[in-house]
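> Just need the structure, nothing else, for what follows:
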Amino acid sequence: MSASDLKEKYVPRLLQLYKESILPEMKKERGYSNDLAVPRLVKIVVNMGLGSVSSDPKAIEQLSGELAVITGQKAKICRARKPISNFKLRKGMGVGCCTTLRKSRMYEFLDRLITVAIPRIRDFRGFSSHAFDGSGNYAFGLAEQGIFPEINLDKVSRTQGMNIVINTNAVSDEECRLLLEKFGFPFRR
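Sure, this is the predicted structure:
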């Protein structure tokens with residue numbers, strides 16, 4: 001068997017869960033006429049603002065490398081478009097890094113986030129149910145990158161937070177919340 005044969009046969013666990021149980025359940029509960037009307041995940045965007053590190057190129061590379069390890073995809077370094085003297089920011093300096101995950105990488109990241117990373121957050125009681133944007137998307141922030149097991153805490157020079165946006169094709173916030181709950185996403189009660 002070649003690597004391409006294995007890649008074609010591998011299906012992420014959450015994608016398989018979606019196709020086998022979530023899709024039929026939601027279709028039955030909500031009365032959708034076909035499978036394409038049922039809400040599904042479109043993409044997950046992970047952003048990391050660099051803040052005071054923006055003047056240090058080595059730190060920028062280290063943080064973008066950590067984001068790449070967390071997401072499994074190379075992080076894009078976002079650069080300043082214009083200088084702002086009050087923030088000691090010059091044009092072209094790195095101000096953040098981001099990745100956009102789609103398809104199987106998106107499902108793998110969400111699976112690791114729900115099953116491994118979120119349970120490692122100290123005193124966690126669930127995410128807010130008020131962070132929907134009105135169009136079926138959910139955004140939340142994490143205080144540090146150390147909750148992901150891929151990160152070696154001995155090599156981390158500074159803790160860095162990140163913002164995660166889960167983009168769905170749901171029409172309303174209620175449908176998005178129902179979809180995320182079926183995936184096992186922990187909301188505050």
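> List the contacts of the closest residue to residue 45 other than its chain neighbours.
In space, and not counting its chain neighbours, residue 45 is closest to residue 165: 4.5 Å by CB to CB, 6 or more residues apart in numbering. Backbone N, C-alpha and C define where each C-beta goes, glycine included. Going by CB atoms under 8 Å, 6 or more residues apart in numbering, residue 165 touches 44-45, 47, 137-139.
> Just those: which are in helices?
Judged by DSSP state H, helices contain none of these.
> helix or strand right after the one helix or strand in the chain whose mean pLDDT sits lowest?
Using mean pLDDT, DSSP states H and E, helix 3-9 stands out as the lowest-scoring helix or strand of the chain, at a mean of 64. Going down the chain from helix 3-9, the next helix or strand is helix 13-17, by DSSP states H and E.
> and that next one, how far from the chain's centre?
Its chain's C-alpha centre and that of helix 13-17 lie 16 Å apart, by CA atoms, centre = their mean, to the nearest Å.
> Tell me if I'm right that residue 108 and residue 12 touch.
Yes - if you go by CB atoms under 8 Å, residue 108 and residue 12 touch, sitting 5.2 Å apart.
> returning to what we had before: let's see which of the contacts of residue 165 end up in strands.
44-45, 47, 137-139 (DSSP state E).
> The closest residue to residue 112 other than its chain neighbours: what's it in contact with?
Excluding the flanking residues, the one nearest residue 112 by CB to CB, 6+ apart is residue 148, at 7.4 Å. By CB under 8 Å, 6+ apart, the residues touching residue 148 are 69-70, 112, 116-117.
> How many residues are close by the closest residue to residue 127 other than its chain neighbours?
In this structure, residue 127 finds its nearest non-sequential neighbour in residue 140, 5.2 Å apart by CB to CB, 6+ apart. Residues lying near residue 140 (other CB atoms under 10 Å) number 13.
> doesn't residue 129 make contact with residue 140?
No - look at residue 140 against residue 129 with CB under 8 Å: they stay out of range, at 10.7 Å.
> Need phi/psi at residue 71.
Dihedral pair for residue 71: phi -90, psi -20, per degrees, to the nearest 10.
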